[in-house]
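Enquirer: Any chance you could fold what I've pasted below:
(4 chains, ligands or ions: 4)
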Amino acid sequence: MSKTMAKPAAVRTLNLVQAVNEALDLAMGADERVMILGEDVGRNGGVFRATDGLWKKYGDDRVVDTPLAEIGIMGSAIGLAVNGMRPVAEIQFDGFMPSVFDQVVCHLGRIRSRSRGQLSVPLVLRAPHGGLIHAPEHHSESPEAYFCHTPGIKVVIPSTPYDAKGLLLAAIEDPDPVVFFEPKLLYRSATGEVPSGRYTVPLGKARLVQEGTDLTIVTWGAMTVTCQKAAEKLKAEDGASVEILDLRTLTPLDLDAVLASTGKTGRVVIAHEAPNTGSWAAELSALIAERNLLRLLAPIQRVGGWDVRMPLFRLEQYYIPDADRVVMAARKALRF
Amino acid sequence: MSKTMAKPAAVRTLNLVQAVNEALDLAMGADERVMILGEDVGRNGGVFRATDGLWKKYGDDRVVDTPLAEIGIMGSAIGLAVNGMRPVAEIQFDGFMPSVFDQVVCHLGRIRSRSRGQLSVPLVLRAPHGGLIHAPEHHSESPEAYFCHTPGIKVVIPSTPYDAKGLLLAAIEDPDPVVFFEPKLLYRSATGEVPSGRYTVPLGKARLVQEGTDLTIVTWGAMTVTCQKAAEKLKAEDGASVEILDLRTLTPLDLDAVLASTGKTGRVVIAHEAPNTGSWAAELSALIAERNLLRLLAPIQRVGGWDVRMPLFRLEQYYIPDADRVVMAARKALRF
Amino acid sequence: MPLKTVATLEVQRLEILSPDGTVDEKLLPKVSNDLLLEMYRLMFQIRAFDERAIMLQRQGRLGTYPMITGQEATQCVPPLLLRKTDWCVPTYRGGGVYFARGMQMRYALLYWAGDDRGTHFPDGNKDMMFSIPVGTHLTQVAGLAWGEKFKGKGGVAVTYCGDGTSSKGDLHEALTFAGQFKLPVIYVIENNGWAISVPRRRQAASQTLAQKAWGYGVKGLQVDGNDALAVYKAMSEAVSRARKGEGPTLLECETYRMSHHTTADDATRYRDAKEVEAWKKRDPIARLKLFLEKRKLWDAKKEKALAAETVKWIDGEIRAYEETPAPNPLNMFADNYDRAPWHLVEQRMELEELLKFKGGAKILMELPPTEGRFP
Amino acid sequence: MPLKTVATLEVQRLEILSPDGTVDEKLLPKVSNDLLLEMYRLMFQIRAFDERAIMLQRQGRLGTYPMITGQEATQCVPPLLLRKTDWCVPTYRGGGVYFARGMQMRYALLYWAGDDRGTHFPDGNKDMMFSIPVGTHLTQVAGLAWGEKFKGKGGVAVTYCGDGTSSKGDLHEALTFAGQFKLPVIYVIENNGWAISVPRRRQAASQTLAQKAWGYGVKGLQVDGNDALAVYKAMSEAVSRARKGEGPTLLECETYRMSHHTTADDATRYRDAKEVEAWKKRDPIARLKLFLEKRKLWDAKKEKALAAETVKWIDGEIRAYEETPAPNPLNMFADNYDRAPWHLVEQRMELEELLKFKGGAKILMELPPTEGRFP
Ligand SMILES: Cc1ncc(C[n+]2csc(CCOP(=O)(O)OP(=O)(O)O)c2C)c(N)n1
Ligand SMILES: Cc1ncc(C[n+]2csc(CCOP(=O)(O)OP(=O)(O)O)c2C)c(N)n1
Ligand SMILES: [Mg+2]
Ligand SMILES: [Mg+2]
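Expert: Ligands and ions are numbered 1, 2, ... in the order given. A predicted model of the protein is given here:
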């Protein structure tokens, strides 16, 4: 949970998408090899405005509106990275990421090892993540588990503007491919203090959102905010002291932080948005029980999406866990 | 572990690929809607000869050599199934399945629910699975976790010729999409008695390979055979009584069987070939610990592939768990 | 042995009705007056519907909605060549296609209001839901057409994709299959000039999109997509080829997205207003109207009556949409499998628990009835 | 407004050297005698290598191996137009390409023997490993070429795919990008008539594969791929266009897979022996030899010397391959990340435990040294 700060800098309040934008701007300003490619990222500044202003500032060669072809985006980003650039590729929505799985599974994490270290793929693949903004079908997905099971890549998801900027800068300078999810619910709703200069938040380190002694909630992405609400309710209604860990990097996992916290409290809830079966929460639940078995005071509670497709938005609040569901799960653990 | 037998039938010894071939033949003979499509499945009879003889018997319209285009195979199979056919699509190797993820994740399991039950997709997607036949790169993968995390589909993998035939016939008549993995190591090496007539082995039911009291090994696919070897060694050297459960259907999971066995023995090894992190073994480990916590006498041991790409075949026996690795893990559980 | 020409191709473009209402009589297809009037009605009504839907969205009564205006000829005319039992799969912008297929537009509103019950097609229609990940339906429709070929009754499948979507590899594999198996399928590229903020010229660097067909042994044609008569003629020939087993066709219908990409988009950020102005002169509805007027099939009185009828119709659809009771959250679990497996049964009970936690034990009685099949 | 022609396209085919050794002098490219001899040497040697590799496999000394024979001109000539610093990515069948790029063939043997250390390219070469999931490299090579464009030094990227692979959507997206961004890239379709058991005519229903290029604003040309001079000329023009920033080219080189798909395949199950016989008459090596002989550049003596030299060379490569010590199993964990994360460190220790379990504590000392970077 350390951070490296380049120089003293003004601190402003930004929302998460502004923080992303600022990180991209700083990275492009500092390194000519950094370029952006994707659909509508140029003149339009991205459908969430994450790349707003960058096309004007850095030109059509470095902020590239591509044809509507995700294999093309991902494949050419891989080629660009292998050939010395630092591409930041955007997939417009989580729901369209399956079309790049072929490139991700067969190549993204394999090129370094297939070439025995001669080639590397220092790229960032950005995509909005998750639900609850009343978006159309296929625009509210949480596909992280597919990526976490794939060797050779890293998977990151911030939940605060500060982390979004620092993690994205770290991801861009990372020598290996990073899949960078941005919780779209938080793009505008999450605001916070962000220093204006360059800084990084290290990959692979979780964030301790709040300390507690009775129960640990392990979570990531927009669900972090939901869990904070649940923790307040649990404090108020149950007098429970809840510790919350925001993973920030899903893989490589900050297992030390997870084991330390869950070992301390002995009661665990894992909360996330994806279909629960076979999710990243399953890996966490497995790891915690395998390594902290004798410290567990209650069965681990996983709270995730149901194992059905994400419904259209009228029902999304019943699909994605809300604070009540987290509270119910926490009470099961607390009262065991 | 029940079965439905249509009529008394001669019992022969077949290997697993012959059993697959016979199931396809019977299904095509009994139902005109059943058709096969894929690369080299026709005149050549499939690169493993799984469809040998069928092109001659059923003709070019029902056993179709397609262009080399997996999205085309998967997408048109979906369309055929929606429009009344019962396609059995083949992807030539596990390693090429990522190119159909887009169709699988975005459509295969969603069409029934998106159409509110008006359309359905009764197809089978067959693919060889796993390693240890000294195949080239990308020909020895175990991608089941990606499919198990995807709602709306079923995932099946037999480990005996008897089950291969009965499960495949069940999969073809199942009203929902079934991903059917065939352990390529067992295609020729697994032989067993197979009745000649039509019968089905129900989806969603595990097979109790052998009973035991000290430890449960949960496994699937070719690893079942490895685990049997490990169990023999454990019996001989440790005097341990090992129960082995071959899942056969990964999803929907036979949780009752898993919980009954692991609850009885309290010591658990889960063995499989895929990269371990985020694997189907993680879901199993999580479910067992979440639901059988107080019955566990030792931490659950997962034994899987390492979290690196599958190496070329000179090292594959060090990547895929062998009996020694299963034994080591079992001893950790037994001596805890 | 020389540098020799081994194949030549001509890409043709079909235009029949010019913006000023004059026609090329030689090319004019046989269309009954009734059918001409039906085309006009569909186009007129779907435009009015589109305008109202946008208003609803602006008033917070609808979710994100993709505009149709400008593309009425390309959307409303092709379905007129189809049987109910032919397959028809538009894009997410294809409200006009569904309308021409006879869909009640209350369902389109429901869909864009985030209600899963919006995928409701007329009984007996072979419609399939569009795919939101664009282009991913293209190979599926090849499969639908393949199924028709098996049935051998001359059934066809028609589908659409945008100019942007034509860059997806899915089109390549779909056309490869269509050409290889001579499938009775028609692919309509609805080239409306834009893919969100990306103009047509930033997709393929080829002069036309129609010429892609040639790479697959598929017949290709460019059509003035704002010319209802050209669309009709091109489509009727394509459908009749398909029915006769003569193979697939790719039609590039050149039209224009007159509005924003969706209500969530602001096209002024990236698009020159002059371009929009120029396309106004090529409006498909005004053009057909001129033609009908010249033929004395249409006049101001009829127009007024149609407008009045349209308002009533739209009001009715909006009412039906807004009076639809909220969906029961438990519906999510219906129709995922023919028979729901244990884990969905368990999860549905968990959701019931949650609902009770929120609303008390009586809540399950107060919810609207569940729909769909479970388990 | 008529049915008007908006684009016309011609697909041309380039043939220079006929099977009987006569040439079209008008089309003959400028090639020095040395280069002609170098072409011949490469083609001759890679065929001999191919034959020995097949024997090794039959003797159980090599894993599954994909045959090159018949495709030597298409494989060995294009690299001669490249700089070391140009990118070159063949298919898995492209041993001849790597050989012409200067790769030591012991590494090719290692690779097909299942040894990860087989992806070893000459220092300074911009070679990339082929992709076994066929076609998945095509968009990546567009990216490599894009990187060259950024560097602005006239570098180019060349890649191959098979006729079967040309059906993959990857080619569509790669050509879309190549055409759109005018990338300095050359796509060579190595049309050898077959994709395992599926003949060329069962891929695209188009007359040629070259004509696909038109759908993307890319220049396309069909080439007699068994005619080294035609391949040379076509490639040199494509490379020079690319270097000058004039955009990408798609070359369909028509050649023939004279043998099985791989050593694991039996082509007699699906292929008519007569077809193979017919293609024997079009052999690329015999043809170039006739030409060289006519020009008095080659004779039986030189042939004999080359054959002897070749045997020695292959013997040396096989020896080097077979003497390569077995890989250390721990190598698996090297070079997965710039710095291995904790879970790989842990897993590597687990593997060490396993090795000790099998071979005793001293085993780690007895293994060959580990290679690669860890952690
Ligand atoms: C695979 C995929 N990528 C990206 C998107 C996001 N998106 C939605 S519509 C659209 C543009 C589509 O353009 P076009 O195909 O021309 O259709 P139009 O919107 O003009 O009707 C994009 C990029 C998507 N829906 N699916
Ligand atoms: C994506 C993918 N699908 C299937 C295969 C299996 N396979 C290996 S080679 C081959 C045929 C390739 O044919 P072609 O592209 O013509 O190349 P050739 O073998 O003739 O050189 C197939 C189907 C594969 N390697 N990758
Ligand atoms: Mg468009
Ligand atoms: Mg070929």
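Enquirer: Can you name the residues of the stretch 151-300 of chain C that neighbour chain B?
Expert: Proximity of the stretch 151-300 of chain C to chain B, by Cβ under 8 Å from any Cβ of the partner chain, involves residues C:151, C:157, C:169-170, C:172-174, C:176-177, C:180-181. Any C-beta I mention is one placed from the backbone N, CA and C, and that applies to glycine too.
Enquirer: Tell me the secondary structure at A:L284.
Expert: helix (DSSP: H, G, I helix; E, B strand; the rest coil).
Enquirer: The residue nearest to it when sequence neighbours are not counted bridge partners, please.
Expert: The spatially closest residue to A:L284, leaving aside those adjacent along the chain, is A:I270, at 5.2 Å (Cβ to Cβ, 6 or more residues apart in numbering or on different chains). Counting by DSSP bridges, A:I270 forms beta bridges with A:V218, A:R302.
Enquirer: Ok, A:P183 next?
Expert: A:H129.
Enquirer: if we can go back for a sec, in strands only, show me the residues of the stretch 151-300 of chain C next to chain B.
Expert: Among these, the members found in strands (DSSP state E) are C:A157.
Enquirer: and of the residues of the stretch 151-300 of chain C next to chain B, the nearest to chain A?
Expert: Nearest to chain A among those is C:G169, at 5.6 Å by Cβ to the nearest Cβ.
Enquirer: Low-confidence bits of the chain, can you list those?
Expert: Picking chain A for this. Under the criterion pLDDT under 70, the flagged ranges of chain A are A:1-8.
Enquirer: Let me rephrase: I mean chain C.
Expert: Residue ranges of chain C with pLDDT under 70: C:1-2.
Enquirer: Let's see that with 50 instead.
Expert: C:1 (pLDDT under 50).
Enquirer: What residues does it have near ligand 1?
Expert: By Cβ under 6 Å from any ligand atom, the residues of chain C that approach ligand 1 are C:91, C:93, C:132-134, C:162-165, C:192, C:194-196, C:257, C:261.
Enquirer: at 8 Å instead, please
Expert: With Cβ under 8 Å from any ligand atom as the criterion, chain C meets ligand 1 at residues C:66, C:71, C:91-93, C:132-136, C:161-166, C:168, C:190-196, C:198, C:200, C:203, C:257, C:261-262.
Enquirer: Could you do the stretch 101-250 of chain A as well?
Expert: By Cβ under 8 Å from any ligand atom, the residues of the stretch 101-250 of chain A that approach ligand 1 are A:H138.
Enquirer: if we look at chain D, which of the residues of the stretch 151-300 of chain C next to chain B are close to it?
Expert: Among those, proximity to chain D is found for C:169-170, C:172-173, C:176, C:180 (Cβ under 8 Å from any Cβ).
Enquirer: Which of the residues you listed fall in helices?
Expert: Judged by DSSP state H, those include C:169-170, C:172-173, C:176, C:180 as members of helices.
Enquirer: Need the max-distance pair from the residues of the stretch 151-300 of chain C next to chain B.
Expert: Maximum pairwise distance in these, criterion Cβ to Cβ, is 28.8 Å, between C:K151 and C:G169.
Enquirer: do you know how far the residue of the stretch 51-200 of chain C found nearest chain D is from D:T91?
Expert: Per Cβ to the nearest Cβ, C:G169 is where the stretch 51-200 of chain C lies closest to chain D, at 2.1 Å. Applying Cβ to Cβ, to the nearest Å, the value for C:G169 to D:T91 is 18 Å.
Enquirer: which of those two has more neighbours?
Expert: Legend: neighbour count by other Cβ atoms under 10 Å in any protein chain shown for C:G169 and D:T91, higher for C:G169 (32 against 23).
Enquirer: Surely that one touches D:L175?
Expert: No. Using Cβ atoms under 8 Å as the test, C:G169 is too far from D:L175 to be in contact (10.2 Å).
Enquirer: Mind jotting down where the strands sit in the stretch 51-200 of chain A?
Expert: Applying DSSP state E, counting those that start in this stretch to the stretch 51-200 of chain A gives strands spanning A:63-65, A:86-90, A:124-129, A:154-156, A:178-183, A:191-195, A:199-200.
Enquirer: Mind listing what's buried along the fifth one?
Expert: What that stands for is strand A:178-183. For strand A:178-183, the buried set under the neighbour-count rule, 16 or more other Cβ atoms under 10 Å in any protein chain shown, comprises A:178-183.
Enquirer: Serialize those to a markdown table and add fields for distance to ligand 3.
Expert: Below are the buried residues of strand A:178-183 laid out as a markdown table (distance: Cβ to the ion, whole Å):
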| residue | distance to ligand 3 |
| --- | --- |
| A:V178 | 32 |
| A:V179 | 28 |
| A:F180 | 28 |
| A:F181 | 28 |
| A:E182 | 26 |
| A:P183 | 29 |
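Enquirer: between the residues you listed, which is nearest B:E90?
Expert: Nearest to B:E90 among those, with distances taken as Cβ to Cβ, is A:V179, at 30.4 Å.
Enquirer: Lovely, talk soon.
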